[in-house]
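Colleague: Provided below for reference: sequence and predicted model.
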Amino acid sequence: MRKDIRYNNIIDGEEFERAQAAADAAYNLPEDLIDPESFYVTQHWDRYTEENHEVWATLVARRMETLEDQASEVFLNGVRLLGFDQNRVPRLSDVNDKLRPLTGWQSRAVPGYLPAKAFFACLSRREFPTTITIRPKELIDYLPEPDIFHDVFGHVPLHADPVFADFLQTYGKAALHTNDNHHIERLGRLFWFTVEFGLIREHGKLKLYGSGLISSIGESFHALESPFVDRRPFDLDRVCNTPFEIDHYQPILYVLESFEQLRDAMNDYAQRVLDDAGVAA
Ligand SMILES: [Fe+2]
């Protein structure tokens with residue numbers, strides 16, 4: 001277990017151990033015994049350092065410069081609705097005060113990596129497990145694991161959109177209730193090619209909405225402009241049958257025509273998954 005103080009000083013040590021142990025234990029639990037409350041921790045906001053705030057401010061300023069052109073209007077609208085303070089690491093309670101009345105979604109602080117079932121259990125309750133540590137200055141350009149910039153700036157603005165909000169909860173329910181490896185693999189690919197690396201066409205132009213693209217300057221240009229990217233029209237079954245690789249820029253991306261298209265395709269697929277699992281939708 002990583003215990004780098006620079007990453008973890010926002011969370012109390014004891015609470016960190018308890019929450020991480022509960023999340024790890026959820027790996028083996030039947031889904032009705034998984035209790036997401038046990039994974040959540042307190043964000044001790046006053047412990048962020050000036051360097052932490054500076055890193056947030058630098059990342060937001062850098063990304064917003066190009067995202068006004070590159071990002072989906074649904075993402076940009078979410079950023080406006082949530083009203084992040086560009087100069088301070090966000091307090092999740094402030095984010096949630098704005099988010100809750102819009103869609104009922106909340107961002108909940110977690111100690112770090114959650115096993116898949118624990119993660120899906122949170123999504124099924126409209127709760128987004130959120131990393132609250134922030135990368136150190138010397139890793140500002142690249143951090144392999146998620147931090148609060150990736151999770152809150154990259155993911156949460158879409159949770160303010162009612163259509164995307166419904167999609168993500170339906171995804172969580174389907175993924176929580178299946179134990180079929182075939183569906184689990186397909187759902188992993190669906191998440192990757194939409195939530196993390198999705199593109200959408202708006203007013204005839206390609207735009208970004210996947211958080212992996214939103215939070216990366218280099219890959220966002222590559223995704224939109226490189227002639228070496230195979231940009232395919234979104235088709236749920238085709239997406240679910242496409243393997244992905246994690247260690248370089250994505251050579252294949254899928255393009256939505258609307259978030260309704262994603263929500264409707266997910267509703268159909270969730271029905272199939274839950275029927276196979278013998279669970280009522
Ligand atoms: Fe992500």
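Modeller: Structure received. Residues are numbered from 1 along each chain as shown.
Colleague: Is residue 168 in contact with residue 123, as I believe?
Modeller: Yes: counting by CB atoms under 8 Å, residue 168 touches residue 123, with 5.9 Å between them. All C-beta spots, glycine's among them, are computed from the backbone N, C-alpha and C.
Colleague: Residue 96 and residue 107 touch, don't they?
Modeller: Yes: counting by CB under 8 Å, residue 96 does reach residue 107; the two are 6.1 Å apart.
Colleague: neighbour-wise, which of those two wins?
Modeller: residue 107 (24 against 18; other CB atoms under 10 Å).
Colleague: what pairs with that one across the strands?
Modeller: Under DSSP bridges, the beta-bridge partners of residue 107 are residue 128.
Colleague: before we move on, the earlier item: more neighbours, residue 168 and residue 123?
Modeller: More crowded of residue 168 and residue 123, by other CB under 10 Å: residue 168, with 26 against 23.
Colleague: For the more buried one, which residues are in contact?
Modeller: Shown in contact with residue 168 (CB atoms under 8 Å, 6 or more residues apart in numbering): 105, 123, 158, 159, 195.
Colleague: how about a cut-off of 10 Å?
Modeller: Contacts for residue 168 (CB atoms under 10 Å, 6 or more residues apart in numbering) come out as 103, 105, 123-124, 126, 128, 155, 158-159, 161, 191, 194-195, 262-263, 266.
Colleague: closest to residue 236 among the residues you listed?
Modeller: residue 266 (7.5 Å; CB to CB).
Colleague: so is that closest one in a helix, a strand, or just coil?
Modeller: Under DSSP: H, G, I helix; E, B strand; the rest coil, residue 266 falls in the helix class.
Colleague: Just to check, it is in contact with residue 123?
Modeller: No: with contact defined as CB atoms under 10 Å, residue 266 does not count as touching residue 123 (11.8 Å).
Colleague: anything in contact with each of the two?
Modeller: Shared contacts of residue 266 and residue 123, counting by CB under 10 Å, 6+ apart, come down to 168, 169, 170, 171, 173, 174.
Colleague: Tell me where the model's unsure across the stretch 1-150 of the chain.
Modeller: 1-8 (pLDDT under 70).
Colleague: how close does residue 55 get to residue 76?
Modeller: Distance, residue 55 to residue 76, by CB to CB, to the nearest Å: 22 Å.
Colleague: picking that back up, ChimeraX command for the buried members of the shared contacts of residue 266 and residue 123?
Modeller: The command below creates a ChimeraX selection of those among those that count as buried (16 or more other CB atoms under 10 Å):
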select :168,169,170,171,173,174
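Colleague: closest to residue 33 among the shared contacts of residue 266 and residue 123?
Modeller: Distance to residue 33 across the shared contacts of residue 266 and residue 123 (CB to CB) is lowest for residue 173, with 16.3 Å.
Colleague: Tell me which residues touch that closest one, please.
Modeller: 31, 120, 121, 123, 124, 125, 266, 270, 273, 274, 279, 281.
Colleague: got a markdown table for the residues you listed, with distance to residue 81 too?
Modeller: Formatted as a markdown table, the contacts of residue 173 follow (distance: CB to CB, whole Å):
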| residue | distance to residue 81 |
| --- | --- |
| 31 | 32 |
| 120 | 26 |
| 121 | 26 |
| 123 | 20 |
| 124 | 24 |
| 125 | 21 |
| 266 | 23 |
| 270 | 27 |
| 273 | 31 |
| 274 | 31 |
| 279 | 33 |
| 281 | 29 |
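Colleague: just the buried members of the residues you listed?
Modeller: So, by 16+ other CB under 10 Å, the buried ones in the contacts of residue 173 are 31, 120, 121, 123, 124, 125, 266, 270, 273, 274.
Colleague: name the element the closest residue to the fifth one other than its chain neighbours belongs to?
Modeller: Meaning residue 124. Leaving aside its sequence neighbours, residue 124 sits nearest to residue 172 (CB to CB, 6 or more residues apart in numbering; 3.9 Å). Assigned by DSSP states H and E, residue 172 belongs to helix 162-177.
Colleague: After that helix, heading C-terminal, what element do we hit next?
Modeller: Counting by DSSP H and E, the next helix or strand C-terminal to helix 162-177 is helix 181-191.
Colleague: Would you mark the buried spots in the helix or strand following that next one?
Modeller: Counting by DSSP H and E, the element after helix 181-191 in chain order, helix or strand, is strand 199-202. For strand 199-202, the neighbour count (16+ other CB under 10 Å) marks 199, 200, 201 as buried.
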